[in-house]
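Chemist: okay, sequence plus prediction incoming.
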Amino acid sequence: MASGFFAILDDIAALMDDVAVTSKIATQKTAGILGDDLAVNAEKATGFLSSRELPVLWAITKGSFINKLIILPIAFLLNWLYKPAIEMILILGGLYLAFEGVEKIIEFLFHRSKKGHEVVEESKEEDNSEVSEKAKINSAIRTDFILSIEIVIIALGTVIQENHPLITQILTVTFVSFIATVGVYGIVALIVRMDDAGFKLIKKSHDKGFFSKLGHLLVKALPIIIKVLGVVGTIALILVSGGIFAHNIHYLHELLPTWPAMLKEFTFGIVGGLGAVALFTIGKGIYSLATKK
């Protein structure tokens with residue numbers, strides 16, 4: 001009886017060891033997308049009132065966990081039933097990311113100065129802060145959903161290549177997926193609260209000495225970091241989408257073989273985004289005409 005119990009413990013220990021080793025490999029493979037995920041989500045989680053930053057970030061984090069709970073069983077099921085479906089989902093997700101990235105670039109390049117009545121209308125819209133906040137949270141969760149799909153697929157592909165049993169695959173991919181959420185949003189939380197940490201340092205040091213200077217540095221650095229994250233996040237959206245197209249569309253994978261991978265992926269992301277924006281604009285116009293009385 002005792003020997004059977006210790007045999008079970010030994011099996012569990014061996015399983016956990018396999019999961020730990022495989023998780024390390026899978027995490028290394030997903031490191032690039034996690035960096036992009038951090039840049040994108042940090043940019044999405046900023047721009048709120050200081051008192052709302054952590055509640056908003058917690059809402060996005062909960063949404064990210066729910067995304068993983070939805071994606072994980074579907075990914076394993078599709079991998080078993082029909083693997084090409086995963087590629088199709090990734091490509092559609094890539095189009096959404098490319099659309100978001102290119103739309104931001106278009107807004108920046110062709111942003112025109114608003115007339116008086118437009119400013120009044122915009123200020124009325126901004127007054128409804130609760131609706132605006134929910135819209136931004138939902139947008140962040142949708143973006144996280146696409147990025148989560150890619151993280152899950154990359155991690156799943158890694159464990160399948162290692163030829164591990166199904167239970168090891170499930171535990172590894174689940175661990176990598178959830179540690180990605182904790183790690184990414186934990187770092188984002190630290191970034192968005194930099195200014196509060198700076199103010200506390202200034203207050204406790206009575207605005208004197210090294211800690212006072214550090215506090216002022218943190219406060220002054222946050223707006224710059226947010227602007228940088230906005231640019232990096234937009235570029236990351238385009239690169240991630242271009243990477244999805246390059247790795248999952250055979251024709252694009254073979255196209256432009258002499259180009260550096262990053263330049264090729266950025267080009268595919270821009271072209272895909274422009275196409276998605278054009279389709280969205282045409283569709284919006286047709287819908288407006290159809291519903292116009």
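Modeler: Cool, got the structure.
Chemist: okay, CA-based contacts and neighbour counts for the rest of this
Modeler: Will do.
Chemist: Thr143: what's it in contact with?
Modeler: Leu97 (CA atoms under 8 Å, 6 or more residues apart in numbering).
Chemist: what strand or helix carries it?
Modeler: Per DSSP states H and E, Thr143 falls inside helix 129-161.
Chemist: what about the strands in this structure?
Modeler: Using DSSP state E, the chain contains no strands.
Chemist: between the longest helix along the chain and helix 129-161, how big is the angle?
Modeler: Ranked by residue count and defined by DSSP state H, the top helix of the chain is helix 209-248. Angle of helix 209-248 versus helix 129-161, following axes from the mean of the first three to the mean of the last three CA atoms, to 10 degrees, is 60 degrees.
Chemist: that older thread, next, the buried residues of the helix holding Thr143.
Modeler: Residues of helix 129-161 classed as buried: 133, 136-137, 140-159 (neighbour count, 16 or more other CA atoms under 10 Å).
Chemist: check the offset of that helix from the chain's centre.
Modeler: The chain centre lies 5 Å from the centre of helix 129-161; the measure is CA atoms, centre = their mean, to the nearest Å.
Chemist: before we move on, what about stretch 236-249?
Modeler: 13 Å.
Chemist: in it, which residues are buried?
Modeler: Ala236, Leu237, Ile238, Leu239, Val240, Ser241, Gly242, Gly243, Ile244, Phe245, Ala246, Asn248.
Chemist: pLDDT below threshold where in this protein?
Modeler: Scanning the chain for pLDDT under 70 picks out 1-37, 39-50, 111-130, 158, 160-164, 293.
Chemist: helices of that one, start to end?
Modeler: Using DSSP H, helices in the chain cover 2-29, 31-44, 53-81, 84-109, 116-127, 129-161, 166-192, 194-204, 209-248, 250-254, 261-291.
Chemist: ok, Phe266 - contacts?
Modeler: Applying CA under 8 Å, 6+ apart, the residues near Phe266 are Ile238, Leu239, Gly242, Gly243.
Chemist: same list, these, but as TSV with distance to Thr61 please.
Modeler: Shown next, in TSV, are the contacts of Phe266 (distance: CA to CA, whole Å):
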residue	distance to Thr61
Ile238	23
Leu239	23
Gly242	26
Gly243	25
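Chemist: roughly how far does Ile224 sit from Ser139?
Modeler: 23 Å (CA to CA, to the nearest Å).
Chemist: from the contacts of Phe266, which two are the most distant?
Modeler: Greatest spacing in the contacts of Phe266, by CA to CA: Ile238 and Gly243 (8.5 Å).
Chemist: give me the common contacts of the two.
Modeler: Contacts common to Ile238 and Gly243, judged by CA under 8 Å, 6+ apart, are Glu265, Phe266, Gly269.
Chemist: sorry, back to before: check which helices and strands the longest helix of the chain is in contact with.
Modeler: helix 31-44, helix 84-109, helix 194-204, helix 250-254, helix 261-291 (3 or more CA pairs under 8 Å, 6 or more residues apart in numbering; DSSP states H and E).
Chemist: can you list the residues that contact the shortest one?
Modeler: What that stands for is helix 250-254. Contacts of helix 250-254 (CA under 8 Å, 6+ apart): Phe245, Ala246, His247.
Chemist: how about 6 Å then?
Modeler: Residues external to helix 250-254 that are found in contact with it (CA atoms under 6 Å, 6 or more residues apart in numbering): Ala246, His247.
Chemist: take it, keep the C-alpha atoms, and write them as CSV.
Modeler: Extracted C-alpha coordinates of helix 250-254, given in CSV (Å, rounded to 0.1, in the frame of the first residue of the first chain):
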residue,chain,number,x,y,z
HIS,A,250,2.2,30.0,-47.2
TYR,A,251,2.4,32.4,-50.1
LEU,A,252,3.5,35.3,-47.9
HIS,A,253,5.9,33.0,-46.0
GLU,A,254,7.7,32.4,-49.3
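Chemist: buried ones in that helix, by neighbour count?
Modeler: Leu252, His253.
Chemist: ditto for the last one
Modeler: By 16+ other CA under 10 Å, the buried positions in helix 261-291 come out as 264-277.
Chemist: what about stretch 188-200, distance to the chain center?
Modeler: Its chain's C-alpha centre and that of stretch 188-200 lie 21 Å apart, by CA atoms, centre = their mean.
Chemist: buried ones in that stretch?
Modeler: Buried residues in stretch 188-200 (16+ other CA under 10 Å): Val188, Ala189, Ile191, Val192, Arg193, Met194, Asp195, Ala197, Gly198, Phe199.
Chemist: if I look at the last one, how far off is Leu218?
Modeler: The reference is to Phe199. In terms of CA to CA, Phe199 sits 8 Å off from Leu218.
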